[in-house]
Structure formats: C-alpha cells, structure tokens
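A.B. asks: Sequence and predicted model, in that order:
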Amino acid sequence: MAEHDAPNQPAGPNGRPLAERVATRIFYPTSRPREKALREAVSGAVILVTGASHGIGKAAARKLAAAGATVLLVARSREDLEDVAAEITAAGGIAHVYQSDITEFDAVEELGRRVLAEHGRVDVVINNAGRSIRRPIDESYDRFHDFTRTMDVNYLGPVRLLLTLLPGMRERGRGHIVNISTWGLRMPPAPRWAAYGASKGAFDIWLRTVATEIAADGVTTTSVYMPLVHTRMSAPTDFSGVPGLTADEAADLVCHAVVARPLEISPWWTGPVQAWTDLRRGAAQRFMERSLRRRSGD
C-alpha cells in the first residue's frame, strides 16, 4: 500500500491526515456490511478472487474467509499466494491457492475447469486483477505492448475465465460477478490514461452487456467504479495530493457488493459528471485539454 503524509495535519489511527479522512468520507463510497449480514451471505460459498496476492484482492479474500467463505486465491506469484492462504488458515478460514497468469488464455481456461472439478461450483467471482499504465501517447509510439498487455489483463483474461465459469452459474440458477472497475470510466477521458482506460472500458461494456442476458438465469453482476486506492498498483503515479481509500476500505466495498448485489457502486458525484460529459462532450474534452496544459506549464 502506498502511504503518504500531508504536513501540519493531525494523523488518525490509520496514519492518514484528518482532512484526508474527512474528504474520503464525503466524496467516496465507504459502505461496509454488518458482520452478521456478511456471514449470512457468504458462509459456505465458494468465492474466486483474482489478484489475491496483494492490495484489494488480499484484503477482500481475508474478510470473506473470516465470514465463512471458501476463497480461491488466484495470482501469478505462488509464494505470495501461499502467504495469504497461511494467514487465512491461521485465522480459521479456508483458502486454496491457484497460481495462474490471467494473460495466458489457455491456462485461464484450464484454471476455470480445474476449480470446477475440485470444488463443484463457483458462487462468486471477484474480478480484481488489473494492470495500470499512465503514459503520454508520444512515449507509446514504439510501445504497442502497452496496449496489448493492459487489454490482456483487464479485458480478455477475465472474459476467458468467465466464459468457463458462467455456464455452471446459469445452470444452477445463481451466481454473482463483482468487477473492480475504475471511477475514471465515469469521468471525461484523462490525458495519459489511454491504454488503461480503454482496457477497463472494454470489460465494463462486456460485463454490462452480458448482464442483460444472464439476469433471467439468476446470475447478477456488480460494477464497482473504485475511486483511488493507495496500493502498490497506484504507487508509481504521484497521487500524494489526492485523497484515497486504503486497501481495507476498498475491500469493505467489495464485501458490500457481495452482500447487497447492487448493479453498481460509484462515488455519488460521478453520475452528474458523466451526464455532463455525455451532453457536453466538446466542453468536457476542452476542460481536460486545459488541465493538461496547466500541469505541463504551457
């Protein structure tokens, strides 16, 4: 998790300045299910979490396991996954490790078939694994892989996995998919985020479209348009002046999604911003252009 300090502001028990904690409460969703409700919703359920070795995925897996779920931990690093599984087991939970690179599509299909063979079903899928790239377009002319690798992780890999798991969910007449998306999709496209925004947008549209087909079979979806979360994925970009959630707070949103199953979770103000963007696309684009020039000192 990326930690940062603001000068001359009192810090709270979690190390964050008071002003940041207040801003987070006002502008970001911070829903947290009651312990009883979470336990009733997930006890005995089989929940697959991608990107479970660090950050939001790790924190969510720990909370879900503590509430009685059997968690299937998926990530590239077996050693890190084993550490997470050991923590869960030591706390009395049940966790199984599945090392897999979500960009290797044949392996992802095999992963889906393997978990179904070993556990009989998957009740909830938390699509959390992701790759973030922030880079100006003039630095990407010779880096086409910036776009292919974000598409593989953020779009095609999750699609491949769900194509394997969805048939069983639909046959049983129940299941839930939680997608960890980004609040960036609810705002005007931001400079330097072309690769990341396009890949997250692709899966967002795919899942929302598929949701219209699978709802009649009892399979539901939640798109979490997650605000800034201070984790190692966001650390390479300087967000020191921007309020953000901790991984633990973000995991509470994931647990809320599993319990309440809303269609979406998003900061309250992103709806009006998105409406303005859609109605006044030219004005929104000019606003982002001017903000880039200001940051560049032009």
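C.D. replies: Cool, got the structure.

A.B. asks: For the rest of this, base every contact and every neighbour count on C-alpha atoms.
C.D. replies: Fine.

A.B. asks: any weak-confidence spans in the protein?
C.D. replies: Applying pLDDT under 70 to the chain flags the ranges 1-15, 231-241, 288, 292-298.

A.B. asks: Nearest the geometric middle of it, what residue?
C.D. replies: The chain has residue 180 as the residue nearest its centroid, 2.4 Å off, counting by CA atoms, centre = their mean.

A.B. asks: Quick check, it in contact with residue 128.
C.D. replies: Yes. Counting by CA atoms under 8 Å, residue 180 touches residue 128, with 5.3 Å between them.

A.B. asks: re earlier: am I right that the residue nearest to the centre of the chain falls within a helix?
C.D. replies: No. Counting by DSSP: H, G, I helix; E, B strand; the rest coil, residue 180 falls outside a helix, being strand.

A.B. asks: any idea how far residue 287 is from it?
C.D. replies: 27 Å (CA to CA, to the nearest Å).

A.B. asks: just the strands in this structure please.
C.D. replies: 46-50, 70-75, 94-99, 124-127, 175-182, 219-226, 264-265 (DSSP state E).

A.B. asks: in its sheet, what does the shortest one sit against?
C.D. replies: If I follow you right, that is strand 264-265. Applying DSSP bridges to the sheet, strand 264-265 is found paired with strand 219-226 (parallel).

A.B. asks: now the angle from the partner strand to strand 175-182?
C.D. replies: Calculated by axes from the mean of the first three to the mean of the last three CA atoms, to 10 degrees, strand 219-226 forms an angle of 20 degrees with strand 175-182.

A.B. asks: what residues does the longest helix along the chain touch?
C.D. replies: Criterion DSSP state H: the longest helix present in the chain is helix 194-214. Residues external to helix 194-214 that are found in contact with it (CA atoms under 8 Å, 6 or more residues apart in numbering): 131-134, 137, 146-147, 150-151, 154-156, 159, 170, 179, 181-182, 184-185, 189, 219-221, 223.

A.B. asks: Which members of those are classed as buried?
C.D. replies: 131-134, 146-147, 150-151, 154-156, 159, 170, 179, 181-182, 184-185, 189, 219-221, 223 (16 or more other CA atoms under 10 Å).

A.B. asks: Could you report the distance from the nearest residue to residue 29 once chain neighbours are set aside to residue 274?
C.D. replies: Spatial nearest neighbour of residue 29, chain neighbours left out: residue 267 (5.4 Å); criterion: CA to CA, 6 or more residues apart in numbering. Distance of residue 267 to residue 274, computed by CA to CA: 11 Å.

A.B. asks: circling back: neighbours of the residue nearest to residue 29, how many?
C.D. replies: Neighbourhood size, residue 267 [other CA atoms under 10 Å]: 17.

A.B. asks: Just list the residues touching it, thanks.
C.D. replies: 27, 28, 29, 183, 225, 226, 227.

A.B. asks: right, and the pair among these with maximum separation?
C.D. replies: Pairwise distances across those (CA to CA) peak at 13.1 Å, for the pair 27 and 225.

A.B. asks: Show me which of those two is the more surrounded one.
C.D. replies: For residue 27 versus residue 225, the count of surrounding residues by other CA under 10 Å is larger for residue 225: 21 against 15.

A.B. asks: The closest residue to residue 65 other than its chain neighbours: neighbour count?
C.D. replies: Excluding the flanking residues, the one nearest residue 65 by CA to CA, 6+ apart is residue 93, at 5.1 Å. The number of residues packed near residue 93 is 21, by other CA under 10 Å.

A.B. asks: thought residue 93 was touching residue 70?
C.D. replies: Yes. Counting by CA under 8 Å, residue 70 is a contact partner of residue 93 at 7.4 Å.

A.B. asks: Give me the residues contacting stretch 83-102.
C.D. replies: 52-53, 58, 62, 65-66, 68-78, 81-82, 107-108, 111, 152-153, 157-158.

A.B. asks: if we go to 7 Å?
C.D. replies: Stretch 83-102 is contacted from outside by 53, 58, 62, 65-66, 68, 70-78, 81-82, 107-108, 153, 157, using CA atoms under 7 Å, 6 or more residues apart in numbering.
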